[in-house]
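A.B. asks: Next input, structure requested:
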Amino acid sequence: MFHKWRSIENYERIDKELLEDSQCDFFYVTEKLDGCNVCICNKREVIDELNWHESWVVRSRNGGDFSENADVKVAMKKIEPFLDFIRDTLRYDWNRDFREIVIYGELINSKLLHRIWYGDKTPQIRLFGLSYLYPTLERWIDSTIEGLFRYARWYESTTNLDTQQYFVPIIGEKNPFCGNRAISRLYEIDIDKLPKKSKLSVDGSLEGYVLHNIDWKGCKTLPFIKWKTKEFSECIEGYSSRRSAEVTDQEREVGRIQKDFARYFTLNRAYSVLSKHSEVSIKDLSALCREFFDDAKEDYLKDHPELVGHPDEKKMFKGSSSAFLLLKEAMKNVQQ
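C.D. replies: From the prediction side, this is the model:
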């Protein structure tokens, strides 16, 4: 069964009231790595009533099968023993035969997407989340990165291996008052003062940061927040008005919004769209253009909620030709 990791909202879009409600929650700050989001799903093949074989299926964020990708195979060979340990220990810990388990990570140094090279430039999967289907509750339980760290500490005690190599990099100093963990209250985290160079990349290039709430209690507080550097933003900075579209000169207003919407058509967004698919070719461009356009429109309407349902919406939102050219360029760059 496929279970997608929840979407992470941009820092600039977070509702101020929600931010205020989460100010005292504890967060981990991790580096946002440039790569492909992968969902590593447990697969059980039943042999008979008493025997079965288990393996892992690697899927893209959209559910496409990444398992046969050469870079994925290299990355999985390195991390699979740790994944097996998490699966087996999770079951032992809860005394439950969890069959549906998904572990989430970022595939880096892959031909699928590599604007930044990390470490030794070999394909790796860096983990950040875990979900499992609780049978009696018939619902998915999402665990934060803190939950994965528990298994990492147990794994280290039995293997003497450094498990940092399996995780997205943690930013910040360990705090002895918090069990020697590198966590901070949200109000203590100043995005502007975080390092602007990567801990892992070859040349120091940084995509951004993700804030993981380990006090997350469901819908009333923020589970995750992401922040990207200007170089990796999916929207070009520029004039953007939040005032109502109801103005005297309607055609001028439609034209202004069309130009403003064009800022959301970027090469970074094209890379993001491609990273959600296991394989793409020229014949897929039509569907990819629609996905690109819908993604850009969704982001724009999040920033301009007053335009949702506007009678001139079809006139305001155009740009299929721009999406086509950006996707072609991104595909060419990825294949090099």
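A.B. asks: C-alpha from now on. contacts and neighbour counts both.
C.D. replies: Noted.
A.B. asks: List of residues touching stretch 267-274?
C.D. replies: Applying C-alpha atoms under 8 Å, 6 or more residues apart in numbering, the external contacts of stretch 267-274 come out as 112-113, 232-234, 280, 288, 291-292, 296, 323, 326-327, 329-331.
A.B. asks: Spatially, which two of those residues are the most separated?
C.D. replies: Using C-alpha to C-alpha, the two most remote members of those are Ser233 and Val280, lying 22.9 Å apart.
A.B. asks: And these two? Which one has more around it.
C.D. replies: Using other C-alpha atoms under 10 Å, the more surrounded residue of Ser233 and Val280 is Ser233, with 17 against 14.
A.B. asks: The more buried one: what's its closest spatial neighbour, skipping adjacent residues?
C.D. replies: Asn268 (6.7 Å; C-alpha to C-alpha, 6 or more residues apart in numbering).
A.B. asks: Secondary structure element holding that neighbour?
C.D. replies: For Asn268, the host element (DSSP states H and E) is helix 267-274.
A.B. asks: just checking, next helix/strand downstream of that helix?
C.D. replies: helix 285-303.
A.B. asks: and the helix or strand following that following helix, what does it pack onto?
C.D. replies: Beyond helix 285-303 on the C-terminal side, the first helix or strand identified by DSSP H and E is helix 313-316. Counting contacts by 3 or more C-alpha pairs under 8 Å, 6 or more residues apart in numbering; DSSP states H and E, helix 313-316 packs against helix 250-261.
A.B. asks: Just the angle for the helix it packs on relative to helix 285-303, thanks.
C.D. replies: 110 degrees (axes from the mean of the first three to the mean of the last three C-alpha atoms, to 10 degrees).
A.B. asks: Which strand residues bridge Ser60?
C.D. replies: Beta-bridge partners for Ser60, by DSSP bridges, are Val38.
A.B. asks: Give me the local confidence score for it.
C.D. replies: According to the prediction, Ser60 has pLDDT 88.
A.B. asks: Walk me through the domains of this protein.
C.D. replies: Annotated domains of the chain cover 9-232, 250-335 [automatic domain parsing].
A.B. asks: Format these as JSON lines; extra columns: distance to Phe2.
C.D. replies: Shown next, in JSON lines, are those (distance: least, C-alpha to C-alpha, whole Å):
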{"stretch": "domain 9-232", "distance to Phe2": "7"}
{"stretch": "domain 250-335", "distance to Phe2": "14"}
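A.B. asks: circling back to that earlier point, what's the distance between the helix holding Asn268 and the middle of its chain?
C.D. replies: 13 Å (C-alpha atoms, centre = their mean, to the nearest Å).
A.B. asks: mean confidence for it?
C.D. replies: In the prediction, helix 267-274 has an average pLDDT of 90.
A.B. asks: got the angle between that helix and helix 285-303?
C.D. replies: Using the same axes, to 10 degrees: helix 267-274 against helix 285-303 is 120 degrees.
A.B. asks: Name the residue closest to the centre of this protein, please.
C.D. replies: Asn37 (5.6 Å; C-alpha atoms, centre = their mean).
A.B. asks: Could you verify my assumption that it touches Ser275?
C.D. replies: Yes. At 7.4 Å, Asn37 counts as touching Ser275 under the criterion of C-alpha atoms under 8 Å.
A.B. asks: Common neighbours of the two, please.
C.D. replies: Ser60.
A.B. asks: Just after the strand or helix carrying Lys78, pick out the following helix or strand.
C.D. replies: Per DSSP H and E: Lys78 is located in helix 70-94. Downstream of helix 70-94, the first helix or strand assigned by DSSP H and E is strand 101-108.
A.B. asks: That following strand pairs with which strands?
C.D. replies: strand 36-46 (antiparallel), strand 124-134 (antiparallel).
A.B. asks: Can you give the distance of the first one from its chain's centre?
C.D. replies: In other words, strand 36-46. With C-alpha atoms, centre = their mean, you get 17 Å for strand 36-46.
A.B. asks: quick one: buried residues of stretch 323-336?
C.D. replies: By 16 or more other C-alpha atoms under 10 Å, the buried positions in stretch 323-336 come out as Ala323, Phe324, Leu326, Leu327, Lys328, Ala330, Met331, Val334.
A.B. asks: Which of the residues you listed fall in strands?
C.D. replies: Secondary structure from DSSP state E places none of the buried residues of stretch 323-336 in strands.
A.B. asks: Distance to Lys196 added to these, as TSV?
C.D. replies: Output for the buried residues of stretch 323-336, formatted as TSV (distance: C-alpha to C-alpha, whole Å):
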residue	distance to Lys196
Ala323	30
Phe324	32
Leu326	27
Leu327	28
Lys328	30
Ala330	25
Met331	28
Val334	25
